[in-house]
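In: here are the coordinates; sequence isn't available:
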């Protein structure tokens, strides 16, 4: 029961105030920590003030969220309204997600970037798996794209690439970009061609990093002169004083979505919150600055100074060169992609 969630979170009502009805609250499952705190400060509380609908945040990591949500669906006792989704989740979990009426959401229509509103979810934050390089090492000529990442003669030095265990299409995708495949023609991935290209760069990979913390550390410690990295992690490292910069051409779009569980208790309130999120221009700048990822609302990023806008994936010049993944194909081939990656990396 939703009252159970409120009890777990320690939610309290003011003395003498009536308990809200179900239509007066929206439960949002998302990761805790900084993301939850910034959403609460800049989005949840302003929405509650504007509408009278209470937002109840439920801190939970995404894999645990889905396990819990699927259990709710099986039992018919659904407590979450909005859940946090990745692109593959919008495909894999489509049968338990509400169809999003994008055209009926006035602020989404007015402010959303192209592709932000999908059939089963609306973009919350967008970053990129981006080429990040040491700007002091390459002060005379900077790498601009994945072809330059592969060019060890013009841009010598140790590299880093991810082995995160959950995105086995990332590295083959950028290998194909390095080999001259246009981003619009990337999917379905030609894996034979991709792995032939990966054979070329493999001797120059000093670190196969596993986590966001690790990729930040290898930049701080100068273990690599360039690496693929989460743009938010790159930005945090740059802000900490590391002499790195980002090259956005061919970065892989990496978006977190708001999705709504089918048969959730308050789908109307959930849609109203998402629409409010897109139109709440005052909340976006500090939210973006603090979490290190941009929203997909043009009401937000444009308020930052332009030199600061350029550090984010949704800056127009960056957004237009991002690769939009084909999650239908990725989802359908997930096991094959994992097996091919593991076999190559361990050979």
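Out: The structure has been received and is ready for your questions. Fair warning: this is a prediction, and the values are worked out from it, not measured in the lab. Numbering: from 1, shown residues only.

In: center of this structure - which residue?
Out: Residue closest to the average C-alpha location in the chain (Cα atoms, centre = their mean): residue 255, at 3.1 Å.

In: is it correct that that one is in contact with residue 123?
Out: Yes. Residue 255 is within contact range of residue 123, at 5.0 Å (criterion: Cβ atoms under 8 Å). Every residue, glycine included, has its C-beta placed from N, CA and C.

In: now do the shared contacts for those two.
Out: residue 296 (Cβ atoms under 8 Å, 6 or more residues apart in numbering).

In: about what we covered before: partner residues bridging the residue nearest to the centre of the chain?
Out: residue 126 (DSSP bridges).

In: for this structure, which spans come out with low pLDDT?
Out: Scanning the chain for pLDDT under 70 picks out the ranges 1-23.

In: how does it divide into domains?
Out: 2-125+255-314, 127-253+324-345 (automatic domain parsing).

In: next one: the longest one to chain centre, how far?
Out: Using Cα atoms, centre = their mean, to the nearest Å, the distance from the centre of domain 2-125+255-314 to the centre of the chain it belongs to is 13 Å.

In: quick revisit: contacts only, for the residue nearest to the centre of the chain.
Out: Here residue 255 is in contact with 86-87, 123-127, 296 (criterion: Cβ under 8 Å, 6+ apart).

In: grab the two from those residues that are most spread out in space.
Out: 86 and 296 (14.6 Å; Cβ to Cβ).

In: for the stretch 151-300 of the chain, what spans make up the strands?
Out: Here the stretch 151-300 of the chain has its strands, by DSSP state E, counting those that start in this stretch, at 159-162, 205-209, 226-230, 244-260.

In: for the stretch 1-150 of the chain, same thing?
Out: 25-30, 54-59, 82-85, 122-134.

In: so what are the sheet partners of the second one and their directions?
Out: The partner list of strand 54-59 in its sheet, established with DSSP bridges, is strand 25-30 (parallel).

In: rewinding a little: tell me which of residue 86 and residue 296 has more neighbours.
Out: Just comparing residue 86 and residue 296: by other Cβ atoms under 10 Å the higher neighbour count belongs to residue 296, 26 against 19.

In: from residue 319, how far off is that one?
Out: Using Cβ to Cβ, to the nearest Å, residue 296 is found at 9 Å from residue 319.
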